[in-house]
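Peer 1: From the sequence below, what's the structure:
(one chain, ligands or ions: 1)
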Amino acid sequence: MSTKLIQFSEPGKFEETRFEKIHNVIFDSSDKASIIVAQEIGELIKRKQSEKKHCILGLATGSSPIKVYEELVRMHREDGLSFKNVVTFNLDEYYPMKKENIQSYHYFMHEHLFNHVDILPEHINIPNGTVSNKDLYQYCIDYEAKIKSYGGLDFQLLGIGRTGHIGFNEPGSHLNSGTRSITLDHITRVDAAPSFLGIDNVPRKAITMGVGTVRSAKRIVLMGWGISKASILKETIEGNISSQVPATYLQDHDNTTFVLDVDASSELTRIKTPWLVEACDWTEALKLKAVVWLSELTKKPFLKLTDKDYNDNGMSDLLSLEGTAYDLNIKMFNKMQHTITGWPGGKPDADDTYRPERSDPEKKRVIIFSPHPDDDVISMGGTFDRLIQQGHDVHVAYQTSGNIAVSDVEALKFAEVSKVMNSKESNVIIDNLKAKSGNEVDSIEVRKLKGSIRRSESLAATRYLGLKDENVHFLDLPFYETGTIKKSNLSEPDINIMCSIIEKVKPHQIFAAGDLADPHGTHKVCLDALFAALEVLKHHEQHKYMDDCWVWLYRGAWHEWELYEIDMAVPMSPDQVLKKRHAIFCHQSQKDGVMFQGDDSREFWVRAEDRNRLTAKKYNNLGLADYEAIEAFKRYHY
Ligand code: F6R
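Peer 2: Numbers count the residues shown, from 1 in each chain. Predicted structure coming up:
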């Protein structure tokens, strides 16, 4: 019997539409969603226990299931959930891959689940990445047969890759494929590159259960978190079944649920353009979203949209609510117009009724939080410059040292220079670097050197923009200092450091990275650290200044706000674009072939310029003034 409707029936949370071909549920956060998924697994294990049967679970690795495993471990420890009747089959493993390698899925599963529950070791099955080439074919057939010998999978947990893979069934995989070896898609290798410290270390092959193996599971739950999965999830849920997006094969499975967070669902038609699906509750934010969409669709500026444009595109109810296209167009035009300001710290002595920032106090204290030591200039270099030029008391706080993003080659260069200058530590560092193999963790000394390189580069940039050194703060938040891609969780010392810099500066404005799509999640952790600090400080007698502190979120290198989300748009002249470019150039260790590029091969300064020019172009297309470039911000109300 299917338990999915019982487990996921949150009233109002799921509405299947004519666009959607897979049952899906959207949750506010991936944490909450993961707990629900873990509960379903827990219930299944208990039901099988009461029937005195094995519970056969197909398990996934990667970032998506981490919280599910965390919750299962909690249920084992605190609620006494036993795994003695559980038999697991993991979806996949890199090939070749040693079990003890920290990048292996064998290691991952033990680290996140198996070492912490009472599962019997003989019940754990993970494809073996050390099988010889000649035995591989038979090994895969045996893996498949072993699943069948248990009567098949009761439950299969899945993530989805940006290629649309499930397991490692890359585009081209066959509907009835079984367990086999496969060549990884380039995008999959790019996504895995950070944890292997570079794409060259990522294996080219893997062993994976087939699409047929997965589809034979009695129940399938696929998790999708974050904006980077949004477009492949739309294709999977709304597109046609195609071997080019193997996850679409799940459309034909009758007991599959996709569990999504808000960001991952953002491209679904019912979320992105709800007016095409049903009658809407027209909030002011939704009106702007819809009219921006209509203007982009029709390629007409706001002021040229007609009644017919609205009626033809599912917005007749909006039109009857607002009167005529003429009235609505002007209203939306003014709304966007009011986001534009050349005075990001507020314009002195001006009527600020329709301005994004207050004019008072004329000179503001400002903290720019930068997760890595270059996001400040990459993401808001133009605004940073203006704030200084307009006389505000600007401070920049670099939240992490950014040391892992300095290559060994770069570090060796600096160590050799310092050796010439007779630095004692340089010999140790040079020996460390030369002896280091592949993706080994750096020694403390090497990390210190790499962190110092990034500090000096940051100071070069802030000096170039005219900021005093004493206004530059290096927070070195402890959560980051693991020496590896995997970071620790936020803890009290991180929050305390954030609170103390805010207490020290008593800012009227805080700028922070709301850029949640960076590859290692550091931006998100840094933002969570800020939110936690704001929680501690707000509404506190001792911190009255917080009542006057506005928070602005920027995005930059990886992602940009949608037009309808922007609350402040700061235009840049051609000269300011050049100045920003030079400030980014100061971060030399991140130029010309950076370590963590993501799948965008453009350098950071090019990405930033392209993005800022595109925002300006989009404003212009709406019928607003034609600027060279624009930096965009969204206000965060706390
Ligand atoms: C992992 C697996 C993959 C991942 C997918 C998403 O065992 O088979 O299909 O589920 O690549 O990875 P994350 O969750 O890291 O985004």
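
Peer 1: where's the closest residue to the ligand within the stretch 1-150 of the chain relative to residue 72, distance?
Peer 2: In the stretch 1-150 of the chain, no residue comes nearer to the ligand than residue 62, which is 2.7 Å away by Cβ to the nearest ligand atom. From N, CA and C alone the C-beta is placed, and that goes for glycine too. As judged by Cβ to Cβ, to the nearest Å, residue 62 and residue 72 stand 16 Å apart.

Peer 1: Those two: who's more crowded?
Peer 2: Per other Cβ atoms under 10 Å, whichever of residue 62 and residue 72 has more neighbours is residue 72, with 26 against 18.

Peer 1: from memory the more buried one sits against residue 40, does it?
Peer 2: No. Using Cβ atoms under 8 Å, residue 72 is not in contact with residue 40; the gap is 10.8 Å.

Peer 1: Go through stretch 386-396 and flag the buried ones.
Peer 2: 386-388, 390, 392-396 (16 or more other Cβ atoms under 10 Å).

Peer 1: Work out the gap between it and the centre of the chain.
Peer 2: With Cα atoms, centre = their mean, to the nearest Å as the basis, stretch 386-396 stands 30 Å off its chain's centre.

Peer 1: again with stretch 183-201
Peer 2: 17 Å.

Peer 1: which regions of this protein lie under the pLDDT threshold?
Peer 2: Along the chain, the parts satisfying pLDDT under 70 run over 1-17, 438-439, 484-486, 515-520, 556-558, 592-599.

Peer 1: can you list the residues of it near the ligand?
Peer 2: Counting by Cβ under 6 Å from any ligand atom, the chain comes close to the ligand at 60-64, 91-92, 159-161, 165-168.

Peer 1: Name only those of those that count as buried.
Peer 2: Among these, those classed as buried by neighbour count (16+ other Cβ under 10 Å) are 60-62, 64, 91-92, 159-161, 165-168.

Peer 1: So which bits of stretch 443-452 are buried?
Peer 2: 443, 445-447, 449-452.

Peer 1: would you turn these into a markdown table with secondary structure?
Peer 2: Below are the buried residues of stretch 443-452 laid out as a markdown table (DSSP: H, G, I helix; E, B strand; the rest coil):
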| residue | secondary structure |
| --- | --- |
| 443 | coil |
| 445 | helix |
| 446 | helix |
| 447 | helix |
| 449 | helix |
| 450 | helix |
| 451 | helix |
| 452 | helix |
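
Peer 1: C-alpha coordinates for stretch 54-66, PDB please?
Peer 2: Output in PDB follows, covering the C-alpha atoms of stretch 54-66 (Å, rounded to 0.1, in the frame of the first residue of the first chain):
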ATOM      1  CA  HIS A  54      13.500  -7.200   6.000                       C
ATOM      2  CA  CYS A  55      13.100  -3.600   4.900                       C
ATOM      3  CA  ILE A  56      15.000  -3.200   1.600                       C
ATOM      4  CA  LEU A  57      16.200   0.400   1.100                       C
ATOM      5  CA  GLY A  58      17.800   1.900  -2.000                       C
ATOM      6  CA  LEU A  59      20.000   4.700  -0.800                       C
ATOM      7  CA  ALA A  60      21.600   7.800  -2.400                       C
ATOM      8  CA  THR A  61      24.600   9.900  -1.500                       C
ATOM      9  CA  GLY A  62      25.500  13.500  -2.300                       C
ATOM     10  CA  SER A  63      24.300  16.700  -0.600                       C
ATOM     11  CA  SER A  64      20.600  16.000  -0.900                       C
ATOM     12  CA  PRO A  65      20.100  13.100   1.600                       C
ATOM     13  CA  ILE A  66      22.500  14.400   4.300                       C
END
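
Peer 1: Domain ranges for the protein, per the record?
Peer 2: Under the assignment automatic domain parsing, the domains of the chain span 25-270, 273-337, 365-636.

Peer 1: Take the buried residues of stretch 386-396 and keep only those in helices.
Peer 2: Among the buried residues of stretch 386-396, the members found in helices (DSSP state H) are 386-388.

Peer 1: Now distance to residue 315 too, for the residues you listed, in JSON lines please.
Peer 2: Compiled in JSON lines, these are given as follows (distance: Cβ to Cβ, whole Å):
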{"residue": "386", "distance to residue 315": "37"}
{"residue": "387", "distance to residue 315": "39"}
{"residue": "388", "distance to residue 315": "44"}
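
Peer 1: Closest to the ligand out of these?
Peer 2: Nearest member of these to the ligand, counting by Cβ to the nearest ligand atom, is residue 387, at 36.8 Å.

Peer 1: Identify the residues contacting that closest one.
Peer 2: Taking Cβ atoms under 8 Å, 6 or more residues apart in numbering, we find residue 387 in contact with 344-345, 366, 394.

Peer 1: quick one: it and residue 470, what's the gap?
Peer 2: From residue 387 to residue 470 the distance is 17 Å (Cβ to Cβ).

Peer 1: helix or strand right after whichever strand or helix holds residue 71?
Peer 2: Taking DSSP states H and E as the criterion, residue 71 maps to helix 66-79. Per DSSP H and E, the first helix or strand lying C-terminal to helix 66-79 is strand 86-90.

Peer 1: Partner strands of that following strand, with direction?
Peer 2: Under the criterion DSSP bridges, strand 86-90 sits next to strand 55-59 (parallel), strand 124-125 (parallel) in its sheet.

Peer 1: Contacts for that strand, please.
Peer 2: Contact partners of strand 86-90, identified using Cβ under 8 Å, 6+ apart, comprise 45, 54-61, 105, 109, 119, 123-127, 143, 146-147, 150, 153, 209.

Peer 1: Also stretch 64-83?
Peer 2: In contact with stretch 64-83 (Cβ under 8 Å, 6+ apart) are residues 30-31, 34-35, 37-39, 41-42, 45-46, 49, 59, 112-113, 116-119, 157, 159-160, 223-225.

Peer 1: Just the ones of those in strands?
Peer 2: Among those, the ones falling in strands (DSSP state E) are 59, 157, 223-224.

Peer 1: which residues does residue 540 contact?
Peer 2: The contact partners of residue 540, taken as Cβ under 8 Å, 6+ apart, are residue 546.

Peer 1: Tell me which of the strands paired with strand 86-90 sits most buried.
Peer 2: strand 55-59 (a mean of 24; mean count of other Cβ atoms under 10 Å).

Peer 1: quick one, that one and helix 66-79 angle?
Peer 2: 150 degrees (axes from the mean of the first three to the mean of the last three Cα atoms, to 10 degrees).
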